[in-house]
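Q: Pasting a predicted model and its sequence here:
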Amino acid sequence: MPKFIPYNHDQNAMVVINFRDQLQPGTFEHAIHYLIHEKLDLSIFDYAYRNKDGGRPAYNPAILLSVVLFAYSKGITSSRE
């Protein structure tokens, strides 16, 4: 089992934004979140993370995939934009 950096969608950022509250039902962002976290089996990525016994925890592939899909939906195809 790989180690991932823990995340919580209910956490507050420094500007007091609750990320769970930003995902309004019926929006595209909510659909992305639901599909990735509830319907997709992302266990295929677990083999690539061999950090169970040591090393730094990795970012969860579900979070990374959510960011990439949301960016593409907004037309952002480069990390420099």
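A: All right, it came through fine. Remember, predicted model here, so these are calculated numbers, not experimental data. Numbers count the residues shown, from 1 in each chain.
Q: Dihedrals phi and psi, the most far-flung residue of the chain relative to its centre?
A: Centroid-distance maximum for the chain: residue 53 at 23.3 Å, with Cα atoms, centre = their mean. With angles defined as degrees, to the nearest 10, residue 53 sits at phi -90, psi -10.
Q: Quick check: the gap between it and residue 59.
A: 19 Å (Cβ to Cβ, to the nearest Å). Yep, even glycine has a C-beta here, placed from its N, CA and C like the rest.
Q: Burial check on the nearest residue to residue 22 once chain neighbours are set aside, number of neighbours?
A: Of all residues not flanking residue 22 in the chain, residue 29 sits nearest, at 7.5 Å (Cβ to Cβ, 6 or more residues apart in numbering). Counted with other Cβ atoms under 10 Å, residues neighbouring residue 29 total 15.
Q: I'd say residue 29 and residue 23 touch.
A: Yes - using Cβ atoms under 8 Å, residue 29 is in contact with residue 23, at 5.8 Å.
Q: Need the residues touching each of these two.
A: In terms of Cβ atoms under 8 Å, 6 or more residues apart in numbering, residue 29 and residue 23 are not both contacted by any residue.
Q: wait, what's in contact with residue 59?
A: Counted by Cβ under 8 Å, 6+ apart, residue 59 has contacts 4, 5.
Q: Tell me the confidence at it?
A: On pLDDT, residue 59 comes in at 83.
Q: Now it, what are its backbone angles?
A: phi -70, psi 140.
Q: Report the secondary structure element holding the residue positioned nearest the centre of the chain.
A: The chain has residue 63 as the residue nearest its centroid, 1.1 Å off, counting by Cα atoms, centre = their mean. Using DSSP states H and E, residue 63 sits within helix 61-73.
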